[in-house]
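>>> show me the folded form of this:
(one chain, ligands or ions: 2)
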Amino acid sequence: MQLGLIGLGRMGQIVVDRTLAAGHDVVAFDLDDEAVATAADAGADPADSLADFVDQLGSEKRIWLMVPAGEAVDVTLEELEDHLDGDDVVVDGGNSYFEDSVRRAESCPAAYLDCGTSGGPAGAELGFSLMVGGPQWAYDELEPVFDAVATGPDGHERMGPAGSGHYVKMIHNGVEYALMQAYGEGFELLHEGRFDLDLENVASVWNNGAVIRSWLLELCEEAFREEGTDLGTVADRVEGGSTGTWTVQEGLEQEVPLPLIYTALSERFGSRADDGRFSRRLANRLRYGFGRHEVPRRE
Ligand SMILES: NC(=O)C1=CN([C@@H]2O[C@H](COP(=O)(O)OP(=O)(O)OC[C@H]3O[C@@H](n4cnc5c(N)ncnc54)[C@H](O)[C@@H]3O)[C@@H](O)[C@H]2O)C=CC1
Ligand SMILES: O=C(CO)[C@H](O)[C@H](O)COP(=O)(O)O
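Residues are numbered from 1 along each chain as shown. Ligands and ions are numbered 1, 2, ... in the order given. Sure, this is the predicted structure:
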């Protein structure tokens, strides 16, 4: 299969690598020429403009967007619009708001798949977990690519109609916020508490058989190993917040109480006062661990 990839950053480059490794062809485009050159080095066919990108794709186009959520998706779709028809398929693998995806699916001339992607740059070798919404035929058509990008056939599922993939990913991120908050509070108490503990050791022993073992906890262990038990220079101002905000808004709309996710989101907003809380500093280091988001450092 031939896949066109737009957006070759931390995540898009992994989609390129895994798709190529599975024996497919990739045409790659990004606004950043260096990113295009990196994809070309990996074996993709580089495109130097969106027009060139479209020209290189066959008549039944299979296109994966991995650009930042929001305006970049709309701008790209507008530019593609005149080159698409009902036999084509567009996948949005970013963290788009699910209602935007429903709107885009209605207006896009191609079949539109909203694909929540979890695993982050750090999960590249394993493959991602993919939560896909949209028409069944388009999902079936893209199955070989999903097999390649995900951990394998078990790493992707069609969730339901348009919007459902990004809806599931939004709530996944809400859970992620709450788990980070829970680990952060536990380690903060251990750090401030009665014993002089080595937190890497604590995380390590918990990761070996404890009820609360997890990948996030492995990333806690890595954080303490690499930064020190006091997290060194990691600052406490935590960025991000959009997917958590959408989850809380949806909870309010559905009248489903989400006290943990709401508290975790509030803590993140509260972190912007820069008062040095350990739990927030750990959250910062974990966002680097799974997402390769920049770690703010204090002086
Ligand atoms: N980093 C992570 O852990 C995860 C990120 N995501 C989502 O995946 C998407 C991409 O994330 P990252 O790769 O981390 O971002 P990134 O910032 O590393 O890469 C984005 C790339 O898109 C390119 N780009 C921006 N606007 C463009 C346009 N109009 N046309 C062509 N290229 C354009 C940029 O030049 C850049 O190379 C986002 O929606 C993000 O929320 C999803 C799951 C995990
Ligand atoms: O989707 C992700 C992980 O699953 C991304 O890393 C996302 O950026 C995390 O959300 P936030 O930036 O709000 O922390």
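
>>> how far away from the center of its chain is stretch 180-198?
Averaged C-alpha coordinates place stretch 180-198 at 27 Å from its chain's average position (C-alpha atoms, centre = their mean, to the nearest Å).

>>> go on, stretch 225-232?
On C-alpha atoms, centre = their mean, the centre of stretch 225-232 falls 25 Å from that of its chain.

>>> can you tell me the distance between the two ends of that stretch?
11 Å (C-alpha to C-alpha, to the nearest Å).

>>> next: stretch 209-216.
Separation of the first and last residues of stretch 209-216 by C-alpha to C-alpha is 15 Å.

>>> what about stretch 171-188 and ligand 1, touching?
No. Stretch 171-188 is not in contact with ligand 1 by C-beta under 6 Å from any ligand atom; minimum separation 8.6 Å. Using the backbone N, CA and C atoms, a C-beta is placed for each residue, glycine as well.

>>> let me see the mean pLDDT of that stretch.
Averaging the model's pLDDT scores along stretch 171-188 yields 98.

>>> repeat for stretch 258-271
The predicted confidence, averaged over stretch 258-271, sits at 96.

>>> cool, stretch 84-94 as well?
In this model, stretch 84-94 carries a mean pLDDT of 98.

>>> what comes into contact with that stretch?
Contact partners of stretch 84-94, identified using C-beta atoms under 8 Å, 6 or more residues apart in numbering, comprise 7, 11, 15, 59-69, 73, 77, 80, 101, 104, 108-115, 117, 130, 132, 138, 141-142, 145, 149, 166.

>>> and that stretch, what's buried?
Across stretch 84-94, burial judged by 16 or more other C-beta atoms under 10 Å covers 84, 88-94.

>>> could I get those as a markdown table with distance to ligand 1 and secondary structure?
Written out in a markdown table, the entries for those read as follows (distance: C-beta to the nearest ligand atom, whole Å; DSSP: H, G, I helix; E, B strand; the rest coil):
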| residue | distance to ligand 1 | secondary structure |
| --- | --- | --- |
| Leu84 | 16 | coil |
| Asp88 | 18 | coil |
| Val89 | 18 | strand |
| Val90 | 13 | strand |
| Val91 | 12 | strand |
| Asp92 | 8 | strand |
| Gly93 | 6 | coil |
| Gly94 | 3 | coil |
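
>>> tell me the buried residues within the contacts of stretch 84-94.
Restricting the contacts of stretch 84-94 to buried positions leaves 7, 11, 15, 61-67, 69, 73, 77, 80, 101, 104, 108-115, 117, 130, 132, 138, 141-142, 145, 149, 166, with burial counted as 16+ other C-beta under 10 Å.
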